[in-house]
Structure formats: C-alpha cells, structure tokens
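Asker: Next input, structure requested:
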Amino acid sequence: MKITQGTPALILAPMEGVTDAPMRAFLSERGGFSFCVSEFLRVSQDIPPPKTFYKHIPELLTDAKTATGLPVHVQLLGGDPEKMAQTALIAIKCGAQAIDINFGCPAPTVNRHDGGATLLKFPDRIYEIVKAVRTAVPQEFPVSAKLRLGWDSIDDIDRNAESAAKGGAAWITIHGRTKFQGYTPPAYWGPIGRVHKALGIPVVANGEIWTLDDFKRCREQTGAEHFMIGRGALADPSLQYQIARELGIPLHEKAARLDEDLSNTPQNWIPLLVRFAELTSAHFERIGKTEKTYVSRRIKQWFRFVHLRFADSPSGAAFEKIKRVDTLQEMIEALQDRVPANAEL
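Answerer: Here you go, the predicted model:
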C-alpha cells in the first residue's frame, strides 16, 4: 500500500522483538490500521537469504498481508548501499510489496554495527542508501524511510529528511525524539510539522501517542494526516480504531463491534490474551520453536506495556501480577477469579 497526500493513513510501528508476526496478526484483527511495517531485517556482512525473510515475515507467503488482509511492508536496516539494494531486491522477489529503511533504531548494538540511528550523523549516506534501494527496486514498489529527529539534536531532521526525499523516498516517517533520548518523554512533534511543510512528499508522525488526546495534539502540532503508533496500540488495543475514526479511515465490520471499554476492566482482556496466545503458539510451531515458556514470555512482554497504562489505577495490581506467573491459566486467573469454562488452554 502506498501513502498519498489527501488519504490519511494509520500504521502499526515496527518494534524489534515486539511487533512480530503473531502481534501483527493479532492487532490486524482489531482493525483500524492501513498497513504495518515488519521488524527490521539486518543487512550486515551477509545478505539475508529468502528463508530468513519467510521465517521472520511469513506474510510474504500470502501476498505480503496478514490473515485479515492487512499489508505488511518489509523494513531493512544497514549501512552499505549496495548490500541494502541487493537485499531489497531479494525481498521483492520473495513477495514484498514495499520496502522501508530503518534510520531510527537507537539500540547501541545496532548503532555500533553501522545501522539504525547512527546514520543520522551522515545525511549524505542516508541519501546514498535510499537512492541505491530506490534504483534497485522496480518503480511500482514504494521505498520509504523511518528517521528520528537526529543523533543528539532535534534540528538534524531537516537535512536528513531532505536527503531521504532526494534519494527517492516516497514518504518518510519521523519519530519525534533523538537517538540519545531513546524512548524518554517528551516527543517533539513541532519539528515534524516543520518538515511536513517543507517537503513535497508525505510525512508520517510518530512518537508518544498513547491516547486519543495525544493523537489530537500531535495532529495539531504537526499538521500531519498520516500517523504511526506502536507502544500505544499495545497498551490499548482500542486506540487504533479510535484514531482511525478520527482520520475517517473505514473500519471493517468486526472492528466496528470492538467498542468495549478496556480501561479498569481486567476481565475484558481475557479473550485478547487467549487469542494472542493462540496466534503465538501457531506461529512458533510453524517455525519449529518448541520452548514451552515462549508464549508466556511474549504475553508478559506485551503486558508490560498494558501495565504502564494501568499502573496507577485500581486495576494495576491485576495487570502487574501477570509478571509473576508462568502459565496462561495463571494469567487468566490474575485477570479474573476463575477461568472461563470455554477457555482454550
């Protein structure tokens, strides 16, 4: 799917080790997103073979879409223009419909190996990488770029965004923090608005959108019509269709029925927890993972974001308890006094 001016888009953010295939499938069932972006595939010494793409992005086997039809764009990370170009071409041959380039990951390990946010120090290299990928990939497949505001200064975004645009990016996504901020609040939305006004391509606003009010303030400060959310969607799976309604994005019939209030009602999270466990189990069975604790660890990882939302509420204790138990049944019991008779464990 392409982003165009005048047609608002809401995108699920790529989050390494978090928004994997089961989470993408789970959130796509909730409705509201225009498309999602995969976790990054790292391009370092060796160019990833097709089997790596299919393992981490199984949606490539189904027209680059989740089971509910949500498009999945493939994100690549690396600092060598030629290798990035070759990898992008392999991704297209594997079924990718769009390529996104990661210039925003703040992880020290990634940055030490010439990837992610470290490239924000070199606008010319951003241009070279985007141009190489854009040249290699057939024109009908969009190439985009995700950036932070800068390495250590929020004012770096102007030149870096211009470099990505000149390299041929169809649109750019801007996370409103520097590398050194990591994920520490606040996000600075003002510079995103400045770039949005200056560039002739669409700009997607991202960062610190946890609630509908956050979204409205971000839209006001940036003037953007396209938005990306990640941690906010994990903390509140109803946020995506709240924002979609504000943007005028059509919601499928199932999403229209998902209006239950998830705040202060731990019991309402039980069907979500069970469904995510089902999707996670199925995915890791397909790729041959047999570690029994993996599903519960993935649920705990997700519920860390949920607990952030509810920590100061009366329901906080129920969500916090999930951190200290080990089985799906115990997790359900933490949210409700008894396990529903029809729960599949």
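Asker: Run a quick neighbour tally on the closest residue to residue 107 other than its chain neighbours.
Answerer: Nearest residue to residue 107 in three dimensions, chain neighbours excluded: residue 116, at 6.6 Å (C-beta to C-beta, 6 or more residues apart in numbering). Quick note: C-beta positions are derived from backbone N, CA and C, even for glycine. When neighbours are defined as other C-beta atoms under 10 Å, residue 116 has 27 of them.
Asker: Kindly report the same for residue 56.
Answerer: 18.
Asker: ok, it touching residue 39?
Answerer: Yes - the pair formed by residue 56 and residue 39 meets the contact definition of C-beta atoms under 8 Å, at 6.7 Å.
Asker: Need the overlap of contacts for those two.
Answerer: residue 20 (C-beta atoms under 8 Å, 6 or more residues apart in numbering).
Asker: So which bits of the helix or strand where residue 278 lies are buried?
Answerer: Counting by DSSP states H and E, the element that carries residue 278 is helix 270-286. By neighbour count on 16 or more other C-beta atoms under 10 Å, the buried set for helix 270-286 is 270, 272-281, 283-284.
Asker: what packs against it?
Answerer: On a contact count with 3 or more C-beta pairs under 8 Å, 6 or more residues apart in numbering; DSSP states H and E, helix 270-286 meets helix 21-30, helix 294-310, helix 328-335.
Asker: How about the secondary structure of the closest residue to residue 296 other than its chain neighbours?
Answerer: Computed as C-beta to C-beta, 6+ apart, the closest residue to residue 296 that is not its neighbour in sequence is residue 326, at 5.7 Å. Three-state assignment for residue 326 (DSSP: H, G, I helix; E, B strand; the rest coil): coil.
Asker: Please work out how many residues are found near residue 326.
Answerer: 12.
Asker: same check, this time on the one 10 residues further on
Answerer: Other residues lying near residue 336 total 15 when counted by other C-beta under 10 Å.
Asker: Begin at 407, not 1, for the rest of this chat.
Answerer: Happy to do that; since the first residue is 407 now, the last one works out to residue 742.
Asker: what pLDDT does it get?
Answerer: pLDDT, residue 742: 81.
Asker: what's the spacing between the residue lying closest to it once chain neighbours are set aside and residue 643?
Answerer: Of all residues not flanking residue 742 in the chain, residue 673 sits nearest, at 4.8 Å (C-beta to C-beta, 6+ apart). Look at residue 673 and residue 643: by C-beta to C-beta, to the nearest Å, they are 15 Å apart.
Asker: These two - which one has more neighbours?
Answerer: Per other C-beta under 10 Å, whichever of residue 673 and residue 643 has more neighbours is residue 643, with 21 against 13.
Asker: my guess is that one meets residue 436, correct?
Answerer: Yes - contact criterion C-beta under 8 Å: residue 643 and residue 436 qualify, at 5.2 Å.
Asker: Domain ranges for the chain, per the record?
Answerer: Domain assignment for the chain, taken from automatic domain parsing, gives 415-662, 672-741.
Asker: All good on my end, thank you.
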